[in-house]
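Q: just need the structure, nothing else, for what follows:
(2 chains, ligands or ions: 3)
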Amino acid sequence: MNGKVNIRKTRLSSSISSEFDSIFKVMVVGDSGVGKTCLLVRYKDGTFLGGNFISTVGIDFKNKTLVIEGKKIKLQIWDTAGQERFRSMTHSFFRDCSAILLVYDICNLQSFTNVTNWISDVKQYASPDVTLVLIGNKCDCTTSERKVKLQEGARLAKSYDIVFLETSAKTGVNVDLAFDAVARELHKKSLTPADYIGRDMSASQSFNLKQYVQSEKERTTCC
Amino acid sequence: MNEALPDDFDVIIIGTGLPAAVVSGALSRVDKKVLHLDRNDYYGGSWSSFNIKSVETFLQNPYDSAEYLNKDGEETSNIEVSEDEEFVPILQNKNFITKAEYSCYLKRSEKNEEPAQSSSPCVDTCQSDVVEQSCASKPDDSLKSGETPISEEVQKREESPKVENCNDPATQGDGDSVEKEKELTQELDKAKTKEKVDVSEVVKPRFPLSEDFYKQWRHYNLDLSPKVMFSRGLLVELLIQSNVSRYLEFRNVTRTLTFLDGSKELQRVPCSRADVFSSKFVSVVEKRILMRLFTLCANYKDHEQEYQNFREKTFIEFLASRRLSLKAQHFVLYSIAMVSETTSTLDGLAATHKFLHSLGRYGNSAFLWPSYGVGEIPQAFCRFSAVFGGTFCLRRYAVGFIKDKTTGRCTAIVDNTGQKIRCGTLILDDLNLPHGANTTSTSSVDRAIYVIDSTVSKSDAEQEVSLVTIPPMCDNPAVRLIEAGPLCCVCPKNNYYCTKKNCEKQPKKLPFKKNVKNCLNLDETNIKPEVGGEDSQSRKPVILWSCHFTMTDTNTDNSTLPPNVITLQGPRMDLGFDRAMNEAREVFLRICPGEDFLPRAPDPEEIVFDEGYNTENNDTISPTPEDGGGDYVEEEEEDLNEPAAE
Ligand SMILES: Cc1cc2nc3c(=O)[nH]c(=O)nc-3n(C[C@H](O)[C@H](O)[C@H](O)COP(=O)(O)OP(=O)(O)OC[C@H]3O[C@@H](n4cnc5c(N)ncnc54)[C@H](O)[C@@H]3O)c2cc1C
Ligand SMILES: Nc1nc2c(ncn2[C@@H]2O[C@H](COP(=O)(O)OP(=O)(O)O)[C@@H](O)[C@H]2O)c(=O)[nH]1
Ligand SMILES: [Mg+2]
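A: Ligands and ions are numbered 1, 2, ... in the order given. Okay, the predicted model is just below:
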């Protein structure tokens, strides 16, 4: 028995074959209060949780299964559980991650400045081939509330060569797109030459995360 | 980053060692307001796992290595307390790691060529943690005589141009992103060419250069306190019951090896019924005798008459009376019960029972090994605590606490930024000592970690995780070693799991270096840059990197402390986690008498938000599922090879 031992036989991996084809761990990181938990809840449950009650509910991770090219892809999306508040993340959670959504709040300049710190954490603890996406959240906010311009976010993302988009957990703008695009990218990365045999996978092969996001995203305010 | 913390908590916990983490999770789970601090910038305290870079940094200076620490909290003098209060400093335990040293025996390149190729032998690396058990409190003596020859040895090497003490080679730095592709490919290649490894070891340049070795730094997870989990031990039960298991992965310990007197090689200990039957080392008669013994031990409480006359005698006498050969006695005593010659019959039976009870739950093995090391376990419990509302802050600690002179109770702590934070109860892990409390060093363990280039004992299986026991010999105490190799990912479909894990490790309790090296045939002297020859020398595992340190357990006498200040113990030398789990439960029950200890956390599917939820009705949302509403199903157990089955 050299396999991993699943001490709860009823849990995920026992049912991999029937329930889904692949599972990917995705993390949502960024400063406290930028809307990470709201994004997660919006994506999974299609709702927006206002006010501060959300911090009283222990959200650990959420599962969402999508079908891409006939394959069932399960995203297991992990919240920071509030440990980011004092920059005290348990680093082991970065390790297995296939993708990381790095979120800042467009109304909070500090959260944008701290993106650099988060990127250095990601570089240090996550796998080098992790898929990274930069997200400016709360784009429903008014022009006067906005502190970080769309172009500034785009420029920063470009300097790290990562994909960028603005979202709103409140209105739902671009939230599904952000996660779906990640799922597509992870699906593409996971394909092996064997997967191409006898199938037309050209769509996957040519999938480009940046172009996809570019073409699908809804325009956000004050561009 | 010195943001102020909230300033009122039910419980403040200082230090994130395993028992502290478990208590934290248990308290948060039942809605206690918990603040959990740690002075380090990592979790786990004396239970941490480190990669090669961080372990070297740690061993160079286990204390105060981080720049963010104020010039050690000695600004305690200007803490303001009122007339009827007393300030009690909390000190860092600076005795817990001593005699630390490490060496890399690999050669550095003169010209920076061919790094990709020469790094491949690293793939075959595995590590051993060697733990010496200096019985009871005689560490000083034994250390002294033992240390001298060793350090001489190391020094000699330093003079030689071939071996260097590697302090942060500049090369180990970034190259990461460049390397990513390459590493992945190697990972795949490795998986494919698994069987060829032995061959390539001989044909290719045998050893990586030190630069290439350090490039893999992040793939190591070396434990300060290596332990294995009994498959039916308290930790496993708790992980299952609470759902904390969702954060962890495990491997089976696939074999138990031992070193028989007079033998040159490690031998596989037959543990299960299947093992006994297939073992070449046990005669047919012995097989029957052993089997009868296992059957008895599995139910020993119901068969008192069988050992009635040995209640006052030692376990080994009892074993001899069962007509076990010396070899079989050895197997049972040292590798199954894992006790000593002086252990009483009842204790020996209980230990054997515990082993047999765990055997077969998850495959033909009594133990599980946490993937990525023991350091994952405290992190998992801390995460659990955070999910249930615990507030976590690393790089923060208590310089002291405030004691109310009239009630004699602790009312608050003062953290290293000077903030006063009120608490109902204060818990300190083994690395934080309240000033003035009576502390004694209870035991001391010598540990070594070896990164070796191949397994200590080859077998047919692709990869083994081994527990090696070396009995006491020549006045040397017994030694335990855990060896784990680069367990490759068995589920390539989910690259979720395909993190590169060059190595896991193996703890071992053992007298000192040479003994281990002798027994295991380890040798760091035959590191040569040349292509390895086919001679017998090249079959020996070679040490590429090693470290040694002594870990001392401190016991704090709680009687002089306020009743609401609780101290926790360190990892000790036990093989498993039962003691730590019992301690955590006791502390939890002391704070929350009668409450549930780590009840099941809901699965994510059970927490659903819909449009109806908003700020006003948050009472209706609870992370706790309705009673009986969960779909928790008792885990099914795998096909059991348990000898006790009948
Ligand atoms: C299972 C096993 C098999 C062994 N087989 C052999 C063998 O085949 N041949 C052989 O020569 N030795 C054998 N030994 C003994 C062992 O090799 C020696 O104890 C070792 O060489 C000591 O060297 P060290 O520097 O690593 O000691 P350390 O590991 O540092 O010390 C271990 C203990 O041995 C004591 N010790 C160390 N050196 C000496 C010394 N010179 N005299 C007395 N006590 C000392 C120390 O005080 C300490 O308590 C065996 C030991 C064990 C446990
Ligand atoms: N206007 C607006 N507010 C948001 C949005 N997302 C989150 N918020 C609010 O921001 C606050 C913090 O959100 P939360 O998800 O808890 O942040 P986290 O700390 O990153 O998990 C809450 O009060 C949310 O209601 C958004 O897209 N638009
Ligand atoms: Mg949150």
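Q: which positions in stretch B:227-234 come out as buried?
A: B:227, B:228, B:229, B:230, B:231, B:232, B:233, B:234 (16 or more other CB atoms under 10 Å in any protein chain shown). In short, each C-beta sits where N, CA and C put it, glycine included.
Q: and the two most separated of the residues you listed?
A: Comparing all pairs in those by CB to CB, the longest separation belongs to B:227 and B:232, at 15.3 Å.
Q: so residue B:393 belongs to a helix, correct?
A: No. Counting by DSSP: H, G, I helix; E, B strand; the rest coil, residue B:393 is not part of a helix but strand.
Q: residues contacting it?
A: Taking CB atoms under 8 Å, 6 or more residues apart in numbering or on different chains as the criterion, residue B:393 is in contact with A:86, A:88, B:5, B:35, B:36, B:37, B:38.
Q: residue B:31 contacts residue B:389, doesn't it?
A: Yes. Here residue B:31 lies in contact with residue B:389, judged by CB atoms under 8 Å, at a distance of 7.4 Å.
Q: neighbour-wise, which of the two wins?
A: Between residue B:31 and residue B:389, counting by other CB atoms under 10 Å in any protein chain shown, residue B:389 is the more crowded of the two (20 against 16).
Q: what helix or strand is that one on?
A: Secondary-structure assignment from DSSP states H and E places residue B:389 in no helical or strand segment.
Q: does the closest residue to it other than its chain neighbours belong to a helix, a strand or coil?
A: Closest residue to residue B:389 in three dimensions, ignoring its sequence neighbours and counting by CB to CB, 6 or more residues apart in numbering or on different chains: residue B:28, at 5.5 Å. Each residue gets one of three states, and residue B:28 gets helix by three-state DSSP.
Q: of the contacts of residue B:393, which belong to strands?
A: With strands taken from DSSP state E, the overlap with the contacts of residue B:393 comprises B:35, B:36, B:37, B:38.
Q: what sits against the first one?
A: With contacts defined as CB under 8 Å, 6+ apart, the neighbours of residue B:35 are B:5, B:6, B:9, B:11, B:12, B:13, B:390, B:391, B:393, B:421, B:423.
Q: ok, it to residue B:9 distance?
A: Using CB to CB, to the nearest Å, one obtains 4 Å as the distance from residue B:35 to residue B:9.
Q: which neighbours do the two share?
A: B:391, B:421, B:423.
Q: of those residues, which is the nearest to residue B:398?
A: For those, the minimum distance to residue B:398 (CB to CB) is 8.4 Å, reached by residue B:421.
Q: tell me the secondary structure for that closest one?
A: What three-state DSSP gives for residue B:421 is strand.
Q: neighbours of it, how many?
A: Under the neighbour criterion other CB under 10 Å, residue B:421 is assigned a count of 22.
Q: ok, now how distant is it from residue B:23?
A: For residue B:421, the distance to residue B:23 (CB to CB) stands at 18 Å.
Q: same check, this time on residue A:36
A: When CB to CB is applied, the distance between residue A:36 and residue B:23 equals 28 Å.
Q: so for those two, which sits in the more crowded spot?
A: More neighbours surround residue B:23 than the other of residue A:36 and residue B:23, with 32 against 26 (other CB under 10 Å).
Q: now do residue B:353, the pLDDT please.
A: At residue B:353 the predicted local confidence, pLDDT, stands at 93.
Q: which parts of chain A are strands?
A: With DSSP E as the criterion, chain A has strands at A:4-5, A:22-30, A:61-68, A:71-78, A:99-105, A:131-137, A:163-166.
Q: need those in a markdown table with distance to residue B:257 and mean pLDDT, can you?
A: As requested, those are arranged in a markdown table below (distance: least, CB to CB, whole Å; pLDDT from 0 to 100):
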| stretch | distance to residue B:257 | mean pLDDT |
| --- | --- | --- |
| strand A:4-5 | 20 | 70 |
| strand A:22-30 | 35 | 93 |
| strand A:61-68 | 39 | 91 |
| strand A:71-78 | 37 | 92 |
| strand A:99-105 | 41 | 97 |
| strand A:131-137 | 42 | 96 |
| strand A:163-166 | 50 | 94 |
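Q: figure out which of these is closest to residue B:108.
A: Each of these has some distance to residue B:108 by CB to CB; the shortest is strand A:131-137, at 33.7 Å.
Q: quick check: neighbours of that closest one in the sheet, parallel or antiparallel?
A: Paired neighbours of strand A:131-137 in the sheet (DSSP bridges): strand A:99-105 (parallel), strand A:163-166 (parallel).
Q: ok, residues contacting the first one?
A: Contacting residues not belonging to strand A:99-105 are listed as A:24, A:26-31, A:33-36, A:39, A:94, A:111-112, A:114-115, A:118-119, A:122, A:126, A:130-138, A:148, A:153, A:178-179, A:182, A:185-186 [CB under 8 Å, 6+ apart].
Q: let's go with 6 Å and repeat that
A: With contacts defined as CB atoms under 6 Å, 6 or more residues apart in numbering or on different chains, strand A:99-105 is touched by A:26-30, A:34, A:36, A:111-112, A:115, A:118, A:122, A:130-138, A:182, A:186.
Q: let me see the contact set for residue A:31.
A: Contact analysis of residue A:31 by CB under 6 Å, 6+ apart lists A:111, A:114.
Q: and the gap between it and ligand 2?
A: If you measure residue A:31 against ligand 2 using CB to the nearest ligand atom, to the nearest Å, the figure is 7 Å.
Q: same thing with residue B:84?
A: Taken as CB to the nearest ligand atom, the spacing of residue B:84 relative to ligand 2 amounts to 40 Å.
Q: wait, doesn't that residue sit right on residue B:407?
A: No. Residue B:84 lies out of contact with residue B:407 (CB atoms under 6 Å); the separation is 9.4 Å.
Q: that older thread, which of the buried residues of stretch B:227-234 sits closest to residue B:306?
A: residue B:232 (23.1 Å).
Q: need the contact list for the nearest residue to that closest one once chain neighbours are set aside.
A: Counting by CB to CB, 6+ apart, the nearest residue to residue B:232 once its immediate chain neighbours are dropped is residue B:358, at 4.4 Å. Residue B:358 sits next to B:230, B:231, B:232, B:366 when contact means CB under 6 Å, 6+ apart.
Q: now with 8 Å, please.
A: Residues counted as contacts of residue B:358 (CB under 8 Å, 6+ apart) are B:230, B:231, B:232, B:233, B:366, B:367.
Q: how close does the second one sit to residue B:353?
A: Okay, so that is residue B:231. 14 Å.
Q: same for ligand 1: which of the ones in strands among the contacts of residue B:393 are within range?
A: Contacts with ligand 1 are made by none of the ones in strands among the contacts of residue B:393, judged by CB under 6 Å from any ligand atom.
Q: does residue B:466 lie in a helix or a strand, and which?
A: Using DSSP H and E, the element containing residue B:466 is strand B:465-470.
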